[in-house]
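Chemist: make a model of this:
(one chain, ligands or ions: 1)
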Amino acid sequence: MNSTTVSANITPTPVTISTMTITPAAPVSVPSGPIFDKGLANTIVAETQMSFIDGGKGVLEYVGIEIDALARNSTFEETVYLLWNTKLPTKAELDGLRSALQAEYEIPDAIYDMIKSFPRDAVPMHALRTLVSALALHDLDADACGTDAAGLAAAKRTSLRLVAKTPTLIANFDRHRQGKAFVRPNTSFDIATNFLWMLNGEKPTEAMSRGLDICLILHADHGLNASTFAARVTIATLSDMYSAMTTAVGTLKGPLHGGANEEVMIMLDEIGSMDKVESFVKGKLERKELIMGFGHRVYKAYDPRATYLKTFAKQIATDTGNLNLFNMSQGIEEIVLAAKADKGIFPNVDFYSATTYHCLGIKTDLFTCMFAMSRMSGWCGHCIEQLQDNRLIRPQAKYTGPHAAPYVATADRR
Ligand code: CMC
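Modeler: This next block holds a predicted model:
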């Protein structure tokens, strides 16, 4: 072998191995090694152009537009376009996305058959996770996603399908468990209207559709929350979009994440009336138990989604005769803030969504599915961003076990 010079960045002096001379390049800065960051609270692992959060000031923007402006003026479809294209659509672009989504609302007959096979008492998030995964079996494009132009185009096509079909999966699982006939999607409706149409078998009022539409806008994306991170970890292995979304649905399910909205409703049911709020909440605080729907890893001020939802929840609770629910929620908030606001504990998005979903006629155990229906758009957008600039996500664990342990034969173990 001829003498070959290669650069290395660790050893400062040339080393000759056999006939090969390794000569170091100019010194480079070598990281001091991984840092231990439990819960990854201080670690940035990806870039995004979709949502910006200032947790100290309570700001959330999608592509620079304040969430409040979007909740007031936008629609879920327009928000999805904004997140996926980092610009608001023209009318023609929005019409194009709407038609493309509508064309994908329907699910294969085999998936309806699969829903029929599910136990009626299945937890809806288990059903949704299984169904999202099963969609891959009927999509010839499922493994076409990748980092080149063709792979990215495939990932975008799959994203459209996932966002369009998720409401059909949820609504028809809910019908199945009640022994009701399936309701096929109506491809002339927007996503919120179509969902309520399938869920209830009748066209919702405009106010109900708009209420759900606003919830979908508010939940669409939120930086690198746990489920979005999980989705990015999966797609970064160059797996596929269905696998990434299945991971994400499973991660969202936990009560510390998307499952909190169901827990809030369970808590409101348990409290039952305004006169019991104070003793219930104070008792929980004294026992150092979590009050669901409060606190956030990033927000140490009022979650701006909760600000909007609080006003909205009051309105819809008044309109639907559920003001007691809103009043109890407000009562809980006052007591928690008096005790915890100085520690940065405020209501998060899940707190007033519970009252809102209840007033929209959605069953408590479907609340987290509602979150998934919306966040599917953010998860897909993040996976596309990941594919556009991919690197395997692979942190390290700090080993805390023993070293140099002897291997003990089975007969000698105690
Ligand atoms: N009720 C009472 N105390 C709380 C709460 C709460 N909901 N949340 C945090 N704290 C206390 C916590 O006990 C800790 O106190 P101390 O310093 O005395 O030990 C302090 O605040 C810091 O909390 P943490 O658990 O270190 O904060 P974290 O960033 O690890 O956790 C959280 C954030 C969202 C998991 C947590 O606030 C929580 O469990 N909240 C209740 C569940 C919930 O509402 N989750 C929805 C989150 S927002 C939507 C979403 O992402 O899905």
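Chemist: where's Tyr357, which helix or strand?
Modeler: Using DSSP states H and E, Tyr357 sits within helix 349-359.
Chemist: Glu61 pairs with what?
Modeler: Assessed by DSSP bridges, Glu61 has beta-bridge partners Phe52, Glu66.
Chemist: for it, what are its contacts?
Modeler: By CB atoms under 8 Å, 6 or more residues apart in numbering, Glu61 lies in contact with 51-52, 67. The C-beta positions use only the backbone N, C-alpha and C, and glycine is treated the same way.
Chemist: returning to what we had before: counting contacts, what elements does the helix holding Tyr357 pack onto?
Modeler: If you count contacts as 3 or more CB pairs under 8 Å, 6 or more residues apart in numbering; DSSP states H and E, helix 349-359 packs onto helix 206-219, helix 260-271, helix 304-319, helix 323-340, helix 367-388.
Chemist: buried stuff in stretch 321-340?
Modeler: 322, 325-333, 335-336 (16 or more other CB atoms under 10 Å).
Chemist: average model confidence for that stretch?
Modeler: Average pLDDT, stretch 321-340: 97.
Chemist: so what's the residue count around the residue lying closest to Asp365 once chain neighbours are set aside?
Modeler: Setting aside the residues directly before and after it, Asp365 is nearest to Pro124 in space (CB to CB, 6 or more residues apart in numbering), at 5.4 Å. Number of residues near Pro124 (other CB atoms under 10 Å) recorded here: 23.
Chemist: mind listing what Pro124 touches?
Modeler: Taking CB under 8 Å, 6+ apart as the criterion, Pro124 is in contact with 170, 173-174, 365-366, 368-369.
Chemist: so which of those residues is the closest to Thr307?
Modeler: Ranked by distance to Thr307 (CB to CB), the contacts of Pro124 are led by Thr368 at 21.8 Å.
Chemist: could you pull up the residues touching that closest one?
Modeler: By CB under 8 Å, 6+ apart, the residues touching Thr368 are 124-125, 252-253, 258-259, 261-262.
Chemist: who wins for neighbours among the residues you listed?
Modeler: Neighbour counts for the contacts of Thr368 (other CB under 10 Å) peak at Asn261, which has 31 neighbours.
Chemist: how about the residues of the stretch 201-350 of the chain near the ligand?
Modeler: Neighbours of the ligand within the stretch 201-350 of the chain, by CB under 6 Å from any ligand atom: 225, 256-258, 260, 290-297, 343, 345, 348-350.
Chemist: which single residue of the protein ends up nearest the ligand?
Modeler: Residue of the chain nearest the ligand, by CB to the nearest ligand atom: Gly295 (2.3 Å).
Chemist: for that residue, the count of nearby residues, please.
Modeler: Look at Gly295: counted by other CB under 10 Å, it has 20 neighbours.
Chemist: that one against Ile345, yeah?
Modeler: Yes - the criterion here is CB atoms under 8 Å, and Gly295 meets it with Ile345 at 4.8 Å.
Chemist: tell me the helix or strand right after the helix of greatest length in the chain.
Modeler: Criterion DSSP state H: the longest helix present in the chain is helix 149-177. Sequence-wise, the next helix or strand downstream of helix 149-177 (DSSP H and E) is helix 191-200.
Chemist: compute the inter-axis angle for that following helix and helix 149-177.
Modeler: Taking axes from the mean of the first three to the mean of the last three CA atoms, to 10 degrees, one finds helix 191-200 and helix 149-177 inclined to each other by 30 degrees.
Chemist: mind giving me the packing neighbours of helix 191-200?
Modeler: So helix 191-200, by 3+ CB pairs under 8 Å, 6+ apart, packs with helix 76-85, helix 149-177, helix 206-219.
Chemist: now for these, which one comes closest to Thr311?
Modeler: The closest of the helices and strands packed on helix 191-200 to Thr311 is helix 206-219. By CB to CB, the value is 10.6 Å.
Chemist: re earlier: so which of the residues of the stretch 201-350 of the chain next to the ligand sit within helices?
Modeler: Judged by DSSP H, helices contain the following of these: 260, 349-350.
Chemist: who wins on neighbours among these?
Modeler: Highest neighbour count within those: Asp350, with 29 neighbours (other CB under 10 Å).
Chemist: need the contact list for that residue.
Modeler: Residues near Asp350 by CB under 8 Å, 6+ apart: 258, 260-261, 263-264, 292-293.
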